[in-house]
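Engineer: This is a predicted model, with the sequence first.
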Amino acid sequence: MTYVVTDACIRCKYMDCVEVCPVDCFYEGENMLVINPSECIDCGVCEPECPAEAILPDTESGLEQWMELNAKYSAEWPNLTSKRDAPEDADEHKGEDGKFEKYFSPEPGEGD
């Protein structure tokens, strides 16, 4: 089992999860984070830290798309091990529907 980041992270990109991860398995895209499913140890400490509720266990149904996206982009984007401030407009996008179709970017973020 692993945890995955869903589209609720897009344009919010709160990084509270990064700060608590004991194995540094978060990777940064331009406007969202992903978890490397091979590195995640299923400890679950990241899930309650996410203000956008974007992190879910892969045991929940319907997450296949997000498992694939997390695996793909964690191999391409830079690792992130320390928290930075969320985007200034993060709260405006929290809870917004359809964020993947509207805003997803395959471009990498800055990483550490």
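Structural biologist: Cool, got the structure. Numbers count the residues shown, from 1 in each chain.

Engineer: Quick check: mean pLDDT of the lengthiest helix in the chain?
Structural biologist: The helix of greatest length in the chain, counted in residues with DSSP state H as the criterion, is given as helix 64-74. Helix 64-74 shows a mean pLDDT of 97.

Engineer: So which elements touch that helix?
Structural biologist: With contacts taken as 3 or more CB pairs under 8 Å, 6 or more residues apart in numbering; DSSP states H and E, helix 64-74 sits against strand 3-5, strand 33-35. Any C-beta I mention is one placed from the backbone N, CA and C, and that applies to glycine too.

Engineer: how about TSV for the ones you listed, with mean neighbour count and distance to E110 added?
Structural biologist: As requested, those are arranged in TSV below (neighbours: other CB atoms under 10 Å; distance: least, CB to CB, whole Å):
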stretch	mean neighbour count	distance to E110
strand 3-5	25	17
strand 33-35	26	12
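
Engineer: Would you reformat those as CSV and include mean pLDDT and distance to G62?
Structural biologist: Putting the helices and strands packed on helix 64-74 into CSV (pLDDT from 0 to 100; distance: least, CB to CB, whole Å) gives the following:
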stretch, mean pLDDT, distance to G62
strand 3-5, 97, 11
strand 33-35, 98, 17
